[in-house]
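[1] Any chance you can model this:
(2 chains)
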Amino acid sequence: MAEGIKIAIVGGGLAGLAAAMRIAEAGHAVDLFSVVPVKRSHSVCAQGGINGAVNTKGEGDSTWEHFDDTVYGGDFLANQPPAKAMCEMAPSIIYLFDRMGVPFSRTSEGLLDFRRFGGTKHHRTAFAGASTGQQLLYALDEQVRRYEVNGKVRKFEHWEMLSLVLDDAQVCRGLIAMNLQTLELKTFPADAVIVATGGPGLIFGKSTNSMVCTGSAVAACYQQGAKYANGEFIQVHPTSIPGEDKLRLMSESARGEGGRVWVPRQPGDTRAPSSIPEKERSYFLEEKYPAYGNLVPRDIATREIFQICIEGKGVAKENQVYLDVTHIPAETLDRKLGAILEIYEMFVGDDPRHVPMRIFPGVHYSMGGLWVDYDQRTNIPGLLAAGECDYSIHGANRLGANSLVSCVYGGFIAAPAAIQYATGVERNGSNGSSVYDQELRKQQEINDTLIKQSGKENQYVLHQEMGKWMTDNVTVVRYNDKLKETDNKLLELMDRYKRISINDSNLWATMALPHARHLDNMLELARVITLGALNRNESRGAHYKPEFPERDDENFLKTTIAEYSGEGPVLSYDAVDISLIPPRKRDYSKAKQEKKPDPAAARPEAPAERT
Amino acid sequence: MSAHIHKPKSNRVPPKTVEIHIRRRANPDSPQYWEVFELPYRPNLNIISCLMEIQKNPITKEGNATTPPVWQMNCLEQVCGICTMVINGRARQSCSALIDNLEQPIKLEPMSKFPNIRDLVVDRSQMFDHLKRVNAWVELDGTHDLGPGPRMDQEEVQERYSYSRCMTCGCCLEACPQYEDDNYIGPQAIAQVRLFNMHPSGKMTRDERLEGIMGEDGITNCGNAQNCIQACPMGIPLTRAIYEENRETVVHGLFGWLKK
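    Below you'll find the predicted structure:
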């Protein structure tokens, strides 16, 4: 190897590109791996916006308020120092994107405009139309392309990481990746590896995640000794559009801009929504949570919508409620929510400007992920993680518009930490290149075995079964007997997995072998999620057990740590750093802090103030 | 895009089956051929869910086992651009192509203007190379904290936003009669030049971008067929971008040397 350091980044979404940009800017070499061209990463799906407390609306907002909202929204399970650091960095992150040319919406003075999102009372969310994630990702994609042109960044698109290369001292020395056209495996030595591969939504079959969000690379790290933390905390987004192939997100900004959730007071009312008079509608979120109304945090909105439907009060007694924006002027809707309303129209066929949308909760985000310290380092020396695939910021529940900022923050912290590590690390040690050959052979053998197998099981059917079991039993409401049954089911699926056939005689650019590798990894992570949920006998944030309806700080104000063993995940519990804000009860039926009552904040938002 | 008329879904009797013809190719060196698949109809199907169904159990309409068709997909919300293919003769995203709105039998083909990898998969890396050529970025002084960017008029922002929604899907290039074998840089890259040349900081390096579209395969190859703007799924004003950048390149060509 030459004298310069090389850092491998796996994943080209916001977190991976943020890290790549910073490392290249510091003059170091980056190998960037992505299963899709990085511009097509899942970050494009984020719609609503990015949080940063800039206090430009005279509301007395501050980074401390943002921090408090984040920790409170996360039900106090997040370690507080990194959450605080993120909130402090957030305004400068937004300003940096502004300088990169992101077309953020503007005020009449030409300044950045900010909107309100769930779990806060402040206008703190910068947004670019209704496709903020796409716009932010493109900005980083552009900057990284600059460094690609000047040779600092090498992109390996359509390459998939299969495993890390670890030496005998369990130090990460690089990775093995597979070319998705040729199925060629190759070793990529690196002085440090940053994993930024996003969430594992596909474990639940259909979710709001993109098709690359399998969690596969993360599961590979976990099986090689990386700790996985808080896996059981899966955010189910209250408002998704049910579809045959996926659940499409209806952004929280629909509620942020004044959208109202309701069902007919009379269950099974067959009238068209527009002919149901106001007093015969139940705006159940506004009724139960007068302070926050439709903008209660996601876990609460999800559970309330789920509950209404379980009780048979859903629209047409089905699993759906109305999300209504028809009272907002069409011009305002087009300007502020155009892109997301078009998604609804495109995929459902109704125009939400005139007909209330029908929505239902869908799996959306994993608060859990690889365990990292405050510098984004995992427990494996030389391996770092950033973005949705790390567990560090959101505790038991993530606030809307905090994901984009946490991705960039994670990337910005991981980059200097990786450089520092890579600069100091002693290269090669006693193992030389043999560790690379060994790992390459091992991965090749796994592929060869899968290709030769000719069992009767169908991998796509197994995936579907896993998704259904996980969605039914490990999402909004969790019961211990069902969780136990789900784990048994997962064990059964793991056994049946051994008898799959990849069923594609043409291996060139096949989808079958990569999917088989993902499925194997997804099953491992599914157990981590399920057993983490089984063991946590309390309710906190997104994790809700009717048998244990209260938060139990005495026993469970702890981070769940899962470590891989041949017999399945071994769970242990770490203390949470609550040194800055003492835990208090999370109650969104009242305003957050009684100490400063603010009648103005409880007033519903004016739908639009500017043109 | 602003005139939204609420159109009720059609009342026609739903078909019992969906018939899909797929133009296939095993690898870049082998010939193309057609295969026909049939699946039971369900409401709310899109092309992706049909392909998933076929993939699970790849048997042709005639009952012959075959290899599963290969395609690309990711976001399924028409924002990543990856699942673009030619559906009933028109390049578009397969995630947002609803069976209920398509004439049967449905014909799926790979895009024709890009190298065909296998079945419905093509290699669109040339589009990303275009972005390199036109310096499609703002030349930042650095990513450290330098405060907010320049103030901007919301109207200007909205025009930039429309260019910034380009997901590099390639529909405009597929539809363009001039674009063939990468002989013309095409509307996609020209719109990105417009995006950055409109930005107060981007403007400062405008000339390099203009030079990127002034070569032999540059902007003057546009034949004004205006197919691109019809084909763009994001409604990007591509012809406006071409008009504006054409003007800029002319001015630059005439007076640019004065700056040197």
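
[2] got the residue ranges for the strands in the stretch 1-150 of chain B?
    With DSSP state E, counting those that start in this stretch as the definition, the stretch 1-150 of chain B shows strands at residue ranges B:17-24, B:33-40, B:84-87, B:90-93, B:106-109, B:116-118, B:121-122.

[3] Any idea which of these gets closest to residue A:118?
    With CB to CB, the closest approach to residue A:118 among these belongs to strand B:90-93: 29.6 Å. For the C-beta atoms, the positions are set from N, CA and C on the backbone; glycine is no exception.

[4] Look up which helix or strand residue A:218 falls in, please.
    For residue A:218, the enclosing helix or strand under DSSP states H and E is helix A:216-223.

[5] Enumerate every residue touching residue A:164.
    A:172, A:174-176, A:193, A:220-221, A:224, A:380, A:383, A:439 (CB atoms under 8 Å, 6 or more residues apart in numbering or on different chains).

[6] Apologies, that question was intended for residue B:217.
    Contacts of residue B:217 (CB under 8 Å, 6+ apart): B:182-185.

[7] coming back round to it: next, give me the two most distant ones among the contacts of residue A:164.
    Looking across the contacts of residue A:164, with CB to CB as the criterion, the two at the greatest separation are A:176 and A:380, at 15.1 Å.

[8] returning to what we had before: for the contacts of residue B:217, which one is nearest chain A?
    Closest to chain A out of the contacts of residue B:217 is residue B:185 (15.9 Å), distances taken as CB to the nearest CB.

[9] ok, how many other residues are close to that closest one?
    By the other CB atoms under 10 Å in any protein chain shown criterion, the neighbourhood of residue B:185 contains 26 residues.

[10] Ok, residue B:235 next?
    With neighbours defined by other CB under 10 Å, the count for residue B:235 comes to 12.

[11] repeat for residue B:27
    Residue neighbour count, defined by other CB under 10 Å, stands at 14 for residue B:27.

[12] Check whether it really touches residue A:508, as I assumed.
    Yes: under the criterion of CB atoms under 8 Å, residue B:27 is in contact with residue A:508, at a separation of 4.5 Å.

[13] what sits in contact with each of those two?
    Between them, residue B:27 and residue A:508 have residue B:118 as joint contacts when contacts are counted by CB under 8 Å, 6+ apart.

[14] hmm, back to that, in TSV: the contacts of residue A:164, plus secondary structure, pLDDT and distance to residue A:325.
    Formatted as TSV, the contacts of residue A:164 follow (DSSP: H, G, I helix; E, B strand; the rest coil; pLDDT from 0 to 100; distance: CB to CB, whole Å):
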residue	secondary structure	pLDDT	distance to residue A:325
A:172	strand	97	48
A:174	strand	97	50
A:175	strand	98	46
A:176	strand	98	48
A:193	strand	98	44
A:220	helix	98	42
A:221	helix	98	42
A:224	coil	98	47
A:380	coil	98	47
A:383	strand	98	44
A:439	helix	97	52
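
[15] wait, which of these is closest to residue B:206?
    Comparing the contacts of residue A:164 against residue B:206 with CB to CB picks out residue A:193 as the nearest, at 38.9 Å.

[16] care to break the chain down by domain?
    Looking at chain A here, since you left the chain open. Structural domains annotated on chain A: A:6-233+A:367-424, A:237-362, A:434-544, as defined by automatic domain parsing.

[17] nope, chain B please
    Structural domains annotated on chain B: B:17-122, B:125-141+B:150-259, as defined by automatic domain parsing.

[18] I appreciate the help and will end here.
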